[in-house]
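[1] Sequence first, predicted model second:
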Amino acid sequence: AFPRHLQACWPESTIEVIERDPGVAKAAEEAFGLERHTTITTIDGEPRSHVNRLAAGERAGPPGRRYDFVYNDALGDGAVPPPLATREFHEKILHLLGEEGVYMTHLRDTCRGGRLVGAVVNTARDVFPHVYAITDRTGPASGNAAFVVVAAKRPLDPRAILEERQAHPAFSVLDDSQIR
């Protein structure tokens, strides 16, 4: 769904989706009637291996091409796959981003404990100069929430971006005291 949203917002963009399970893309096309011929390219394979190849320069296209946006939605059972949460992986993503580029990781965690989101934020902060955490809950009352960790080379104002897009008023940007 998110790649289709990006395509709708930025129709001139080129979108690459790395899908670990080739059956997922096919099932989505069939179940949701998704078009097969779009600017979205689905690459079958393990995300870390693909990122390693990209970082090593083994990609088609112009040398030195950088990405404007990388989105990690490789989640399952409330955990980011360990290879995608390492400092090494974050360093490779940083290398692949353009100066205005943004890296986002979507994850689920408990609002009360928040250890997973804290670990992802702290790892990202070891590599990126600007890191923000956004949640879909406005307070710690709920037990389980979606989080998006946003990492960038330049400062961003997530609150202003959310307000500008009038996106999901129930979202809130966490401050450091809320991240463990």
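    Yep, it's here. What you see is a predicted model, and the numbers here were worked out from it, not measured in a lab.

[2] can you point me to the longest strand in the protein?
    Longest strand in the chain, counting residues (DSSP state E): strand 97-110.

[3] from the chain's centre, how far out does it sit?
    With C-alpha atoms, centre = their mean, to the nearest Å as the basis, strand 97-110 stands 4 Å off its chain's centre.

[4] Could you check how far the nearest residue to Glu46 once chain neighbours are set aside is from Thr42?
    Once flanking residues are discounted, Glu46 sits nearest to Arg20: 5.9 Å by C-beta to C-beta, 6 or more residues apart in numbering. For the C-beta atoms, the positions are set from N, CA and C on the backbone; glycine is no exception. Computed as C-beta to C-beta, to the nearest Å, the Arg20 to Thr42 distance reads 11 Å.

[5] What of Val148?
    22 Å.

[6] Please apply the same query to Glu99.
    Noted for Glu99: a distance of 27 Å to Thr42, by C-beta to C-beta.

[7] Comparing these two, which residue is more hemmed in?
    Higher neighbour count among Glu99 and Thr42: Thr42, with 18 against 9, using other C-beta atoms under 10 Å.

[8] give the contact list for the more buried one.
    Val17, Glu19, Ala25 (C-beta atoms under 8 Å, 6 or more residues apart in numbering).

[9] and it, that's in a strand?
    Yes - judged by DSSP: H, G, I helix; E, B strand; the rest coil, Thr42 forms part of a strand.

[10] residue ranges of the helices in this structure, please?
    Ranges of helices in the chain, per DSSP state H, are 2-9, 22-32, 47-55, 87-96, 115-127, 158-164.

[11] Could you tell me the least trusted of those?
    Lowest mean pLDDT within the helices of the chain: helix 22-32, a mean of 74.

[12] buried ones in that helix?
    Across helix 22-32, burial judged by 16 or more other C-beta atoms under 10 Å covers Ala25, Ala28.

[13] looking just at contacts, which helices and strands does it meet?
    strand 40-44 (3 or more C-beta pairs under 8 Å, 6 or more residues apart in numbering; DSSP states H and E).
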